[in-house]
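1. This is a predicted model, with the sequence first.
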Amino acid sequence: MRYWVVLGVRLLVAVAIVGWVYSYLTPGGGEKEFQRSLDALKQVHSVRVAFVSDPTATQHNEVSWDLVCAQDAYRYKWHMVESDPERPGEMNRDELHLGGLEYEHQADGNWSKGKYNNMATAAVLCRNIAQGVEERVMPPIATMIRRGVLQKGDKKTVNGVRCREWNVTMRGGTGGLEHDTICLGVDDHLPYEMTVDWQRSRTTFTDYNSSFQLELPEAAVQQASSTN
């Protein structure tokens, strides 16, 4: 009798493990939900992105993107602090890209024409996002579908939005494996938070398709109009 009880327990455990693997690692589980997210991203025409990382014990980075496709514009800010006493430092960059033109925000509050025009424009970023091409502004959902082991987590609230957290183990990442998390909106399937372990980073995504506009320098508007 004891033998059959033990055998029955083992069979139940095996069935549970198989069911867990099937539910989370097959297209009917995580891959299906991530495909919904990829499709939802194709409809994005404005978004705010905030990235914070501590890649080393002494370095802290903060990056933000404000992208507005209707204006063919985005604003990019970067702030880095290095507190290592042997090489301390701080760097700041505030850029506005309007069409193919770049402007730099100066310490006195004015904008000056940048040195690196014809970089990736907002129009290119928006077109790539709409076509499902991965851009650095948004999470690499397609790569996660292709290379990730996706494990369903709990629901939580990020910046007032309910989302489902997924644990993603990326095969072929740093050190062979990379462990990320991403929280996908319960209702709209859009990403609202992502963490990457090797970067020690957290990225949040807000104001999807909202009506916010970027404040454009007058010189930038005039230059863009004359160029057009």
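-> Nice, thanks for sending it over.
2. what about the strands in this protein?
-> 46-53, 59-68, 73-82, 89-98, 101-105, 111-113, 148-158, 161-173, 176-185, 191-196, 201-206 (DSSP state E).
3. Now the fourth one: average pLDDT?
-> Put plainly, it is strand 89-98. Mean pLDDT, strand 89-98: 93.
4. Show me what that strand pairs with in its sheet, parallel or antiparallel.
-> strand 73-82 (antiparallel), strand 101-105 (antiparallel) (DSSP bridges).
5. And it, what's buried?
-> With burial defined by 16 or more other Cβ atoms under 10 Å, the residues of strand 89-98 counted as buried are 94, 95, 96, 97, 98. Heads up, the C-betas are built off the backbone N, CA and C, glycines and all.
6. Tell me which of the strands paired with strand 89-98 sits nearest to residue 165.
-> strand 73-82 (26.9 Å; Cβ to Cβ).
7. could you check the angle strand 59-68 makes with the closest one?
-> Strand 73-82 runs at 170 degrees relative to strand 59-68, counting by axes from the mean of the first three to the mean of the last three Cα atoms, to 10 degrees.
8. Export the strands paired with strand 89-98 as a markdown table, with columns for mean pLDDT.
-> Output for the strands paired with strand 89-98, formatted as a markdown table (pLDDT from 0 to 100):
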| stretch | mean pLDDT |
| --- | --- |
| strand 73-82 | 95 |
| strand 101-105 | 90 |
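9. Could you save the ones you listed as CSV and add columns showing mean neighbour count and distance to residue 211?
-> Formatted as CSV, those follow (neighbours: other Cβ atoms under 10 Å; distance: least, Cβ to Cβ, whole Å):
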stretch, mean neighbour count, distance to residue 211
strand 73-82, 18, 14
strand 101-105, 19, 23
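10. Which one of the ones you listed lies nearest to residue 52?
-> strand 73-82 (9.8 Å).
11. Name the residues that touch that closest one?
-> Outside of strand 73-82, the residues within contact range by Cβ atoms under 8 Å, 6 or more residues apart in numbering are 58-68, 88-99, 122, 125, 137, 214, 216.
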